[in-house]
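> The following comprises the amino acid sequence and a computationally predicted model.
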Amino acid sequence: MKKSFLYKNTTLELVLGDITEQQVDVIVNAAKPSLMGGGGVDGAIHQKGGPEILEECREIVAQQGECNVSEAVITSAGNLPAKHVIHTVGPVWKGSNYGENVALERCYTNSLALAQEHGASSIAFPAISTGSYGFPLDRAAYIALRAAMLFKDELKGHIDLVRYVVFSEQDFEVFAPIFEEVTMTMSGSLDS
Ligand code: ADP
């Protein structure tokens with residue numbers, strides 16, 4: 001299951017899959033402020049990536065303290081096929097009046113900017129905050145797509161591939177119509 005769209009030289013993709021298996025320069029982790037792992041995406045990345053990633057996370061926390069919401073930090077990717085992992089802390093959903101929408105958008109834009117700084121040309125995101133942090137997936141999908149457009153248009157970003165990875169067919173069915181709706185309003189071309 002896949003959808004893709006070319007937006008100003010950046011391919012936007014929606015795929016059903018496992019973030020740990022993505023063959024891209026950077027995968028993004030939906031991390032906790034402690035950077036010490038947890039369940040969901042975080043657990044899978046540390047489990048499959050091996051102890052090297054956790055060790056680097058420990059060093060980051062020792063230097064700068066725990067991460068703030070929307071902050072993004074980078075480590076190597078251990079045994080994973082990606083080159084780097086960017087760890088970003090999504091907002092906990094509290095009903096939308098606590099700045100969660102902007103905070104989630106910043107997770108994406110900060111991760112994109114950091115990936116670019118490290119020379120990445122491809123990046124894969126999980127649906128940050130939509131698991132244990134309770135963010136509604138439909139809202140998160142709009143934000144995730146908007147962030148890629150902002151990155152291109154306002155931050156003049158130049159990453160070749162931005163991939164959104166959802167973990168269940170049910171989530172794909174929620175994200176796919178939003179992907180189509182948002183990309184239809186962009187000037188680009190829908191591939192599939
Ligand atoms: P958060 O704490 O930010 O909500 P979670 O890891 O709990 O993060 O969940 C974020 C999203 O990632 C959820 O939609 C969840 O279904 C999905 N997810 C969980 N494991 C994986 C995985 N291995 N690959 C891709 N997505 C995953």
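Sure thing, it's come through. Numbers count the residues shown, from 1 in each chain.
> does stretch 158-176 come close to the ligand?
Yes: on the criterion Cβ under 6 Å from any ligand atom, stretch 158-176 is in touch with the ligand at V165, F167, D171. All C-beta atoms are positioned from the backbone trio N, CA, C, and that covers glycine.
> in that stretch, what counts as buried?
159, 161-167, 171-172, 174-176 (16 or more other Cβ atoms under 10 Å).
> possible to save those residues as TSV with secondary structure?
Shown next, in TSV, are the buried residues of stretch 158-176 (DSSP: H, G, I helix; E, B strand; the rest coil):
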residue	secondary structure
I159	coil
L161	strand
V162	strand
R163	strand
Y164	strand
V165	strand
V166	strand
F167	coil
D171	helix
F172	helix
V174	helix
F175	helix
A176	helix
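> tell me the two of those residues that are most distant?
Distances among the buried residues of stretch 158-176 were taken as Cβ to Cβ; the most separated pair is I159 and V174, at 24.6 Å.
> Near the ligand, which residues of this protein? Just list them.
Counting by Cβ under 6 Å from any ligand atom, the chain sits next to the ligand at 18-20, 30, 40-42, 44, 90, 126-133, 165, 167, 171.
> residues contacting the most centrally placed residue in the chain?
The chain has F125 as the residue nearest its centroid, 2.7 Å off, counting by Cα atoms, centre = their mean. Contact analysis of F125 by Cβ atoms under 8 Å, 6 or more residues apart in numbering lists I19, V28, Y108, S111, A144, V162, R163, Y164, V165.
> tell me which of these is nearest to the ligand?
I19 (3.6 Å; Cβ to the nearest ligand atom).
> who's in contact with that closest one?
So I19 contacts I27, V28, N29, V41, A44, I45, A124, F125, P126, V165, F167 (Cβ under 8 Å, 6+ apart).
> would the fourth one count as being in a helix?
Yes: when the secondary structure is assigned by three-state DSSP, V41 falls within a helix.
> Low-confidence stretches in this protein?
187-192 (pLDDT under 70).
> ok, back up a step: sitting in helices, which of the residues of the chain next to the ligand do you find?
Those of the residues of the chain next to the ligand mapping onto helices are G40, V41, D42, A44, D171, per DSSP state H.
> Count the neighbours of the second one for me.
Neighbourhood size, V41 [other Cβ atoms under 10 Å]: 25.
> Contact partners for it?
V41 makes contact with I19, N29, A30, P126, G131, according to Cβ under 8 Å, 6+ apart.
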